[in-house]
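# What follows is a predicted protein model with its sequence.
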Amino acid sequence: MQKYKPWFSAVVMMSILMACGDTRQQAAQNKNSDSTGQASATAKPAIRQKITPSLWVDKDAKAVVDYYLSIFKQGKMKAYHQYKNPPEAKAFGGQDNFETAVMEIGDMEFNILAAGPYFKFNESVSFVINCKDQAEVDYYWNALTTNGGQEGSCGWLKDKYGLSWQVVPVEYYDLINNDDPQVREKAMRNTLKQKKLILSELK
């Protein structure tokens, strides 16, 4: 079982404070101005998503964000911060400093915590990319498996940071949940033979 070092709590606490700070800043901006830039007493802070995935990487939060924004073209970096670790973290082998970032890709926010090589991604957590057609499947599959990525099976892959994704054409769900058992069985049987999902071979 993975044992958490005492400094881990300090790093996590700092990342939580970072997120809270961004929220307070956004709330202040919304309170002081409305959509026209004029002062408004009734403006409310924007509500963030209820649950935000947090991705722990070794280093260089900006480079991580740049990598994902090069793939998810409509994304953006919403925040970036550098912190010095408290003495408690350094005493237990933590790094001198760490970075955090918030990025938005696919209309979803992700926290990035760059705090050392202490935890690695594995297949127990993955993210699904729902694609409108085969061309979009091909795009994300190629983009995420190049430059150090790795192909898996049944539509799964790992990107260059080791994060797992499943790239799925939305029509695939209609096939594996079809009322016709022959359609379902063919789709499931051929899924097991594929790496990248290819619709024409699943139908």
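Nice, thanks for sending it over. Numbers count the residues shown, from 1 in each chain.
# Please parse this protein into its domains.
The record's domain split for the chain, according to automatic domain parsing, is 6-114, 126-202.
# Return the member of those domains having the minimum mean pLDDT.
Mean pLDDT is lowest for domain 6-114 among the domains of the chain, at a mean of 73.
# Would you state the helices of this protein in chain order?
6-32, 61-71, 87-91, 134-145, 171-176, 181-191, 199-202 (DSSP state H).
# Which strand residues bridge the residue nearest to residue 59 when sequence neighbours are not counted?
Nearest residue to residue 59 in three dimensions, chain neighbours excluded: residue 114, at 5.2 Å (C-beta to C-beta, 6 or more residues apart in numbering). Where you see a C-beta, it was placed from the backbone N, CA and C, and this is true even at glycine. Judged by DSSP bridges, the bridge partners of residue 114 are residue 57, residue 99.
# Tally up the residues packed near residue 114, please.
The local packing of residue 114 (other C-beta atoms under 10 Å) involves 22 other residues.
# Quick check: it touching residue 60?
Yes: using C-beta atoms under 8 Å, residue 114 is in contact with residue 60, at 6.0 Å.
# Pull up the overlap in contacts between the two.
Contact criterion C-beta atoms under 8 Å, 6 or more residues apart in numbering; residues bridging residue 114 and residue 60 by contacting each: residue 99.
# before we move on, the earlier item: residue contacts, the residue nearest to residue 59?
Listed by C-beta under 8 Å, 6+ apart, the contact set of residue 114 reads 57-61, 64, 98-101.
# Quick one: these as a markdown table, columns for distance to residue 120 and neighbour count too.
Formatted as a markdown table, the contacts of residue 114 follow (distance: C-beta to C-beta, whole Å; neighbours: other C-beta atoms under 10 Å):
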| residue | distance to residue 120 | neighbour count |
| --- | --- | --- |
| 57 | 10 | 22 |
| 58 | 9 | 14 |
| 59 | 14 | 13 |
| 60 | 16 | 14 |
| 61 | 17 | 25 |
| 64 | 14 | 24 |
| 98 | 17 | 22 |
| 99 | 18 | 21 |
| 100 | 19 | 24 |
| 101 | 19 | 24 |
